[in-house]
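> let's see this in three dimensions:
(one chain, ligands or ions: 1)
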Amino acid sequence: MNSIQPSAHLAQVRYEIRGALTRRSRELEAAGREIIKLNIGNPGRYGFATPAHLREAIAAHLADSEPYGHEQGLESAREAIVAQQRARGARHLDVEHVFIGNGVSELIDLSLRALLQPGDEVLLPSPDYPLWSAATILNSGVPRYYRCLAENAHLPDPDEVESLIGPRTRALVLINPNNPTGAVYPRALLERLVAIAARHRLLLLADEIYDDILYDGAVFQPLAEVAGEVPALCFGGLSKVYRACGYRVGWMSLSGDPARSREYRDALQLLAALRLCPNVTAQWAVRPALEGAPTIRELTAPGGRLHAARQAVIEGVAASDFLALVPPAGALYAFPQVRADRLAAFDDEAFALRLLEEENVLVVPGTSFNVPASRHLRLTLLPTPAQLAEVFVRMERVLARMAEE
Ligand code: PLP
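Numbering: from 1, shown residues only. Prediction:
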């Protein structure tokens, strides 16, 4: 029997955020159970609306959206991205250096496809947002992980980052604010990482899709400004800050010394042209989004729903006999862990399955984010604070049962 075999690359690729647990959760829902889902950072599914002026801009331009557009994205949208990035200190940036895609997801793949030769290495955070690992592997690269441990507030150790660099290392990926940990990187740390990239002539790739989602006075430092003349590709989008995941709009902008990145820019343009253009309709929302007030801050400030959700998580952990947490400073997730001194034997995947089967709660195990032998779980902050409080009651019940077994 000659069955059709998929690409061998895929044997190494996982995406558990929508993986086997999610499929099991759908089966349970179909059988009539009500599942509290904390697995996907998809604000529209939890009652968060896209700002009305973005919707209106799209509606007003429907008739202009019928032809293919420019391969790098609408000029007016790219002008707004250039203005935002220049205001953040990006150097040598114009519309030629901005690429819009069908979500940051498409651009992560494109950025690595344009860069990697087979066997080239990419420095990735562990935990990571798993698409970064997947896109590295699918483009014949090799992930090399630097650790972002809870003991170090989930921040990278620059000495460790540098120790991983070899002759095949091409790029350093930063996710800031971080998914899944919620860490927000201080400027001094970014300066050290930029110095490493400069010393070893690495391309910096900064996934900044959560740039404006910050709690408790945390400050986001755009990488482009710190990078200065060092080539940096910075990613942003409408999915999270503007609660518009379904629009599928993201962008990346290449700053720094153009003499060092000209051929890479041309490669990005070729790949952008091969996919013809990003979805035109939704790009009309980019300029009004970037030129309007950042309404997400009403949600993250005291009194806002995301602020209250984060508070409910912090309180849930404080009341737990088993859990510990570095409170998230940004993004839409918490990454608590089960303490080894309270529950010695712990398998995050087995726990997540039990939590789903026994208590109707869907979370993502930490190992899904390319952390070996994790004691962590990732929860989104998107359910209501009351639902999150209930989730902690149910998690505690399962943990207590496991401790007694
Ligand atoms: N990067 C990070 C860190 C994310 O968390 C996500 C989505 O959750 C993405 C990229 C993909 O976003 P998009 O909807 O723009 O494809």
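> contacts only, for the residue of the chain found nearest the ligand.
For the chain, the residue closest to the ligand is residue 103, as judged by CB to the nearest ligand atom, at 2.6 Å. Just so you know, the C-beta spots here come from the backbone N, C-alpha and C atoms, and that holds for glycine as well. Shown in contact with residue 103 (CB atoms under 8 Å, 6 or more residues apart in numbering): 237, 239, 245, 248, 249, 250.
> shouldn't residue 162 be in contact with residue 196?
Yes: shown here, residue 162 and residue 196 form a contact pair, counting by CB atoms under 8 Å, at 5.0 Å.
> hey, where'd the strands end up in the stretch 51-200 of the chain?
98-101, 121-126, 142-147, 169-175 (DSSP state E, counting those that start in this stretch).
> which residues of the stretch 251-400 of the chain fall in strands?
323-324, 333-334, 337-338, 361-362, 364-365, 377-380.
> and the longest one, which strands flank it?
Take DSSP bridges as the rule and strand 377-380 pairs in its sheet with strand 333-334 (antiparallel), strand 364-365 (antiparallel).
> the first one near the ligand anywhere?
No: where contact is defined by CB under 6 Å from any ligand atom, no part of strand 333-334 touches the ligand; the two come within 8.3 Å at best.
> please renumber so the chain begins at 52
Okay, using 52 as the starting number, the last item reads as strand 384-385.
> before we move on, the earlier item: got the strands paired with strand 428-431 as JSON lines, with mean pLDDT and mean neighbour count columns?
Below are the strands paired with strand 428-431 laid out as JSON lines (pLDDT from 0 to 100; neighbours: other CB atoms under 10 Å):
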{"stretch": "strand 384-385", "mean pLDDT": "98", "mean neighbour count": "26"}
{"stretch": "strand 415-416", "mean pLDDT": "95", "mean neighbour count": "26"}
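> make JSON lines from the strands of the stretch 302-451 of the chain and add distance to residue 238 to it.
Putting the strands of the stretch 302-451 of the chain into JSON lines (distance: least, CB to CB, whole Å) gives the following:
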{"stretch": "strand 374-375", "distance to residue 238": "27"}
{"stretch": "strand 384-385", "distance to residue 238": "23"}
{"stretch": "strand 388-389", "distance to residue 238": "27"}
{"stretch": "strand 412-413", "distance to residue 238": "36"}
{"stretch": "strand 415-416", "distance to residue 238": "30"}
{"stretch": "strand 428-431", "distance to residue 238": "26"}
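> right, I'll call it a day here.
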